[in-house]
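Q: can you look at this prediction? I've put the sequence above it.
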Amino acid sequence: MKKKSWNKKVRGSFVCVLLGIGLFLSLFMPPVLAQQKLSATIYFDYSYYLTNNGPITTPPPEDSNFKNNYFNFRRVYFRYDNKINDNLSFRLTFDGDYVKAVDASGKKDDKFRPYLKHMYLQISNIIPNSDIKIGMADTITFKLAEDRWGYRSVAKTLLDGYKDIAGEDIDATSADVGISLTGKIARPLRYGLMLTNGAGYSHPEGDKHKKLMGQIQLIPMAGVSMVGYADYEKQGPGAKAVTYKGDIYIEFIRNLTLGAEYFIYRNDLNLQDTERYDRSGFSIFSRYNLIPEKLNLFARIDRYEPSNHAENDEIYLMIAGIDWAPLNSTFRLQPNIWVYNYTDPLKKNDVILNLTFLMTF
């Protein structure tokens, strides 16, 4: 109990220090030096299930109240950035989600509520051509893939959305509390290192173990990037979890971006008949700019393997859509279709049509 109490005090003090530094810099730095910015990003969907005979789309005879169409705010980001000078900046980001809970009387309480996603200081060029982030920051696990895919408004990247699609955890999170160092050794060689709690931004530290992440990006020629990534976290006595990931991005064809990522997740605590099994997946995606700032096409194919020891558990997901800015680049319509295919012969395909609205300001 004493250790938990001490950990809570440390976390609370750490958060207060960061907030205090950020507020101090915001309020007392000369306005000539500080560059402050408020921004927001909103993902809003209307989803309609075109099939009713798959495991996701429960047949209406079995569930007459099945939600086969709905409106939904998937993300509402509100961000504050303060660039103090060329070497120091601060970021605070709030996100929003439905919290599944019950109140003291037992009544369902699932209001759409804000929560903290980012809160960090960034220090640049203390180490030449490098950035240090301290606090709750985006992880290096799939940031490069997300930037190349470019459609977080439509779908998470492979690792980010693995649990949503496959229903199995691979311990990958988009943000965490810790410290990171990213930079460039030379023009064709870049790197990233990060040490975090490992619990993610939405959970407090649950044990004494930390998660170590490392990444190398090689650019052998203009428009081609190859990325190798690995992470390690101890799970307990004699047990560990590791992730190995490789990406390739091709961008030398005008207006076209191609990308692919593959990973393996190994956790000594994941056992089937006393034998450890691996989870893995790969993703191939593309986007093509037809009209600058106006119209894009995008497509993607994912494969999810929840266990290399299980038969017929693979899931394939195909996504395709259009990205259209009818009035301004800050407001975009992104109609897209998702097709789920299962190797399990007892499962039927699922087809979902989404009309996605992306707003940024």
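A: Received it, and whenever you're ready, just let me know what you need.
Q: so where is the protein shaky, pLDDT-wise?
A: Residue ranges of the chain with pLDDT under 70: 1-34, 58-62, 64, 100-104, 106.
Q: hey, where'd the helices end up in it?
A: Per DSSP state H, the chain carries helices over the ranges 2-28, 143-149, 162-166.
Q: buried sites along stretch 196-214?
A: Buried residues in stretch 196-214, defined by neighbour count with 16 or more other CB atoms under 10 Å: 196-201, 205, 209, 211-213. From N, CA and C alone the C-beta is placed, and that goes for glycine too.
Q: contacting residues for residue 87?
A: The contact partners of residue 87, by CB atoms under 8 Å, 6 or more residues apart in numbering, come to 123-126.
Q: what about the residues you listed, which are in strands?
A: Of the positions in the contacts of residue 87, 123-124 sit in strands, assigned by DSSP state E.
Q: going by distance to residue 325, which of the contacts of residue 87 wins?
A: Distance to residue 325 across the contacts of residue 87 (CB to CB) is lowest for residue 124, with 32.1 Å.
Q: what distance do you get for the closest one to residue 88?
A: When distance is defined by CB to CB, to the nearest Å, residue 124 is 7 Å away from residue 88.
Q: and what of residue 118?
A: 16 Å.
Q: hmm, back to that, now, among the contacts of residue 87, which is nearest to residue 287?
A: Of all those, residue 124 has the smallest distance to residue 287: 29.5 Å, by CB to CB.
Q: which strand residues bridge that closest one?
A: Note on residue 124: beta-bridge partners by DSSP bridges are residue 131.
Q: that one and residue 86: what is the separation?
A: For residue 124, the distance to residue 86 - CB to CB - is 7 Å.
Q: between those two, point out the one with more neighbours.
A: Between residue 124 and residue 86, counted using other CB atoms under 10 Å, the more crowded position is residue 124 (17 against 9).
Q: you'd agree that one is up against residue 130?
A: Yes. Contact between residue 124 and residue 130 holds when scored by CB atoms under 8 Å: they sit 7.4 Å apart.
Q: need the buried ones from the contacts of residue 87 selected in ChimeraX.
A: Per 16+ other CB under 10 Å, the buried members of these correspond to this ChimeraX selection:
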select :124
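Q: for residue 155, give me its contacts.
A: Neighbours of residue 155 in contact, by CB under 8 Å, 6+ apart: 161, 300, 319, 336, 338.
Q: how far away is it from residue 68?
A: 20 Å.
Q: if I look at residue 256, how far off is residue 287?
A: Distance of residue 256 to residue 287, computed by CB to CB: 8 Å.
Q: I'd say residue 213 and residue 198 touch.
A: No. Residue 213 sits out of contact with residue 198 when judged by CB under 8 Å, with a separation of 9.6 Å.
Q: just checking, residue 145 touches residue 156?
A: No. If you go by CB under 8 Å, residue 145 and residue 156 don't touch, sitting 10.1 Å apart.
Q: looking at those two, which is more packed in?
A: For residue 145 versus residue 156, neighbours defined as other CB under 10 Å are more numerous around residue 145 (23 against 18).
Q: now do the contacts for that one.
A: Taking CB under 8 Å, 6+ apart, one finds 157-159, 247, 259, 261, 283 in contact with residue 145.
Q: could you do residue 67 as well?
A: Residue 67 neighbours (CB under 8 Å, 6+ apart): none.
Q: what is the neighbour count of residue 333?
A: If we define neighbours as other CB under 10 Å, then residue 333 has 15 of them.
Q: how close does it sit to residue 151?
A: Distance, residue 333 to residue 151, by CB to CB: 13 Å.
Q: and for residue 326, the neighbour number?
A: Residue 326 has 9 neighbours, counted by other CB under 10 Å.
Q: quick one, what contacts the closest residue to it other than its chain neighbours?
A: Distance criterion CB to CB, 6 or more residues apart in numbering; nearest residue to residue 326, sequence neighbours excluded, is residue 333 at 6.4 Å. Going by CB under 8 Å, 6+ apart, residue 333 touches 322-326, 355-357.
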